[in-house]
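Colleague: the following comprises the amino acid sequence and a computationally predicted model.
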Amino acid sequence: MKDAYHTVIIGGGCLGVACAVSLARALKTTDYHRICLIEKAVLGAGLSSRHSAIVRSANSSPIAARVAKKSTQYWKELKNIWGVTAPLSQTGAIWIGKNSYKQKTPNAWRQLAQKMQDNHIEFYPIDNKKAKSLTSGQIRLDEDELYYFEPDVLQLEASGILQAMQQALSLNKVDVKEHTEVTSFTTDHSGKINSVITSKGKINCTHVINASGGWSPRLFAQLGLDIPIALEPVYAANWLISAADLPTNLPIIADFINRAYFRRWRGSILHMHQPRKRNVSHISSSFSYSLMNPLGSDIIYDASNYAVTYAQLQHYSDKVVNRFPAIGKPLYAGGYVSYFDITPDLKFILGQDDQIENLYHCLGGGQALKYAPAFGELISELITTGRTQEFDLSEFSISRFGTKNLVDFWSHPENILNEDSL
Ligand SMILES: Cc1cc2nc3c(=O)[nH]c(=O)nc-3n(C[C@H](O)[C@H](O)[C@H](O)COP(=O)(O)OP(=O)(O)OC[C@H]3O[C@@H](n4cnc5c(N)ncnc54)[C@H](O)[C@@H]3O)c2cc1C
């Protein structure tokens, strides 16, 4: 079609930006107008400015773990694929789980460690002495706990990532349209999308990438597509800690006893949030709430809302005191409400749509900043060559949900990603 963009990407979060940049570079865009990224607010307006900027690999899906490992390498050498850099540090992560020695059941942490070893991802048990030395004696350790160390884990800064996203789009000549909302689509006789209708007019295109995260179900329902994404609200909180009590090289603490991720932010801030809930009853209730909330992310996610309730803070404060007993009473230094954009099995949705041939999904499943550079490369490869060479993405195809009733899907526990449901 005349004046059509090669690809229109909907959503200016980290996944949309990664797809736009990788595709622009793959096509060696000399023409300023071949790749168009459309964002209804501003770049990073969604989850991509409310994450913890942790990049890790351990995952009960070996392919997801290998993609994450590759992505970790991309983050380290971002200049090679995006042409810009993002500041980061490699502190590693300590995972804390239950010790089930006495339970005589196979311990899922050991199974995970074995799986990671088989896939060449470093994730190994450490003893209390090692955990103590890695954390300068600042965390509570317990005989009834297991400690695993993942040395390759990176910590980035949210502002550094946002700056890298903005610079990479500009450097790679992606046509960015902020404050422009995609409201609907037109299709041709074969059902392919040939234009997106926006708040600022019609934009013709040959391919479309859906990177609209938690907003996807509402937008794509217009095309008769059922994108199974629900929203699980979560709080993130920051605590001001004495610099003497928070070592600068503190590894990320993925604490599954307290159900909290802790990391050090710049300054001596301890940042924390709860992980995604991982059992079917919690996942299904998030889906039922989403059905009652047709406006989805616009209601649950309010970028102007920085309020966290007293009860929530008290709950988090107890977790901090439990794991960092030496720091005294934690001093609240700000927090915010956010959400995870979860899928029924908590896995991401990546690849071509199973009904509309020129539509590609790049949706994170709740934990996807870490995958962003790898997802961008994979979607770009898929669009430009029709396949991905290194990774078989069928496990992450939207077709896995098919016309299946979600109850049938959930009645098989093996369907749910459970690396840390322990
Ligand atoms: C508290 C918390 C901590 C997290 N920590 C980590 C972490 O440490 N590591 C990690 O890997 N992941 C983490 N995540 C997950 C991570 O933040 C997300 O997976 C990731 O940011 C998703 O990016 P995205 O681009 O898919 O979505 P988003 O950033 O939400 O982007 C979607 C964009 O689409 C736009 N949009 C929607 N509809 C339209 C439309 N109709 N037209 C135009 N634009 C539209 C929205 O405005 C939005 O900007 C965390 C999440 C939370 C909640």
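Modeller: Okay, I see it.

Colleague: send the alpha carbons of the helix or strand in which residue 195 is found over as CSV?
Modeller: In this structure, residue 195 is located in strand 193-198 according to DSSP states H and E. Output for strand 193-198, consisting of C-alpha atoms alone and laid out as CSV, is shown next (Å, rounded to 0.1, in the frame of the first residue of the first chain):
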residue,chain,number,x,y,z
ILE,A,193,-4.4,-5.3,9.1
ASN,A,194,-3.6,-2.6,6.6
SER,A,195,-3.9,0.5,8.8
VAL,A,196,-4.2,1.5,12.4
ILE,A,197,-6.7,4.3,13.2
THR,A,198,-5.3,6.7,15.8
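
Colleague: near the ligand at all, it?
Modeller: No. Counting by C-beta under 6 Å from any ligand atom, the ligand has no neighbours in strand 193-198; the shortest distance is 7.2 Å. For every residue, glycine as well, the C-beta is placed using N, CA and C.

Colleague: show me which positions of that strand end up buried.
Modeller: For strand 193-198, the buried set under the neighbour-count rule, 16 or more other C-beta atoms under 10 Å, comprises 193, 194, 195, 196, 198.

Colleague: quick one: it to chain centroid distance?
Modeller: With C-alpha atoms, centre = their mean, to the nearest Å as the basis, the distance from the averaged C-alpha position of strand 193-198 to the chain average is 27 Å.

Colleague: what does stretch 178-186 give?
Modeller: On the basis of C-alpha atoms, centre = their mean, the separation between the geometric centre of stretch 178-186 and that of its chain is 23 Å.

Colleague: how long is it end to end?
Modeller: Between the opening and closing residues of stretch 178-186 lies a distance of 21 Å (C-alpha to C-alpha, to the nearest Å).

Colleague: kindly report the same for stretch 185-194.
Modeller: Taking C-alpha to C-alpha, the first and last residues of stretch 185-194 lie 8 Å apart.

Colleague: can you redo the buried residues of strand 193-198 as JSON lines with pLDDT?
Modeller: Below are the buried residues of strand 193-198 laid out as JSON lines (pLDDT from 0 to 100):
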{"residue": "193", "pLDDT": "98"}
{"residue": "194", "pLDDT": "96"}
{"residue": "195", "pLDDT": "97"}
{"residue": "196", "pLDDT": "98"}
{"residue": "198", "pLDDT": "98"}
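
Colleague: among the residues you listed, which one sits closest to the ligand?
Modeller: The shortest distance between the ligand and any of the buried residues of strand 193-198, using C-beta to the nearest ligand atom, involves residue 198 and amounts to 7.2 Å.

Colleague: residue numbers of this protein in contact with the ligand?
Modeller: By the criterion of C-beta under 6 Å from any ligand atom, the positions of the chain lying close to the ligand are 10-16, 38-41, 45-48, 50-54, 181-182, 211-215, 219, 234, 236, 273, 338-340, 364, 366-370.

Colleague: tell me the strands beside the strand holding residue 195, with direction?
Modeller: For strand 193-198, sheet partners with direction are given as strand 182-187 (antiparallel), strand 201-210 (antiparallel), following DSSP bridges.

Colleague: which element is residue 20 on?
Modeller: When secondary structure is defined by DSSP H and E, residue 20 falls within helix 14-26.

Colleague: alpha carbons of that helix, as PDB, please.
Modeller: The C-alpha coordinates for helix 14-26 follow below in PDB (Å, rounded to 0.1, in the frame of the first residue of the first chain):
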ATOM      1  CA  CYS A  14      10.600  -1.300  26.800                       C
ATOM      2  CA  LEU A  15       9.200  -4.100  24.700                       C
ATOM      3  CA  GLY A  16       7.800  -1.800  21.900                       C
ATOM      4  CA  VAL A  17      11.000   0.200  21.900                       C
ATOM      5  CA  ALA A  18      13.200  -3.000  21.700                       C
ATOM      6  CA  CYS A  19      11.100  -4.300  18.700                       C
ATOM      7  CA  ALA A  20      11.300  -0.900  16.900                       C
ATOM      8  CA  VAL A  21      15.000  -0.500  17.400                       C
ATOM      9  CA  SER A  22      16.000  -4.100  16.400                       C
ATOM     10  CA  LEU A  23      13.700  -3.900  13.400                       C
ATOM     11  CA  ALA A  24      15.000  -0.600  12.200                       C
ATOM     12  CA  ARG A  25      18.600  -1.900  12.500                       C
ATOM     13  CA  ALA A  26      17.700  -5.100  10.700                       C
END
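
Colleague: hmm, who's touching the very next helix or strand once past that helix?
Modeller: Next along the chain after helix 14-26, taking DSSP H and E as the criterion, comes strand 35-38. Contacts with strand 35-38, where a contact means C-beta atoms under 8 Å, 6 or more residues apart in numbering, come from 5-12, 16-17, 20, 23-24, 27, 29, 169, 173-177, 180-182, 196, 198, 203, 205.

Colleague: please apply the same query to stretch 179-192.
Modeller: Residues from elsewhere that reach stretch 179-192 (C-beta under 8 Å, 6+ apart): 10, 38-42, 193-200, 202, 208, 212, 219, 222-223, 355-358.

Colleague: filter these down to the buried ones and hand me the ChimeraX line.
Modeller: When burial is assessed using 16+ other C-beta under 10 Å, the buried subset of the contacts of stretch 179-192 is captured in ChimeraX by this command:
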select :10,38,39,40,193,194,195,196,198,208,212,219,223,356,358
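
Colleague: circling back: what's the angle between the helix holding residue 20 and strand 201-210?
Modeller: Comparing the axes of helix 14-26 and strand 201-210 via axes from the mean of the first three to the mean of the last three C-alpha atoms, to 10 degrees yields an angle of 100 degrees.

Colleague: which parts of helix 14-26 are buried?
Modeller: For helix 14-26, by 16+ other C-beta under 10 Å, it's 14-26.

Colleague: helices or strands up against that helix?
Modeller: strand 5-10, strand 35-38, helix 78-82, helix 158-171, strand 201-210, strand 359-363, helix 372-385 (3 or more C-beta pairs under 8 Å, 6 or more residues apart in numbering; DSSP states H and E).
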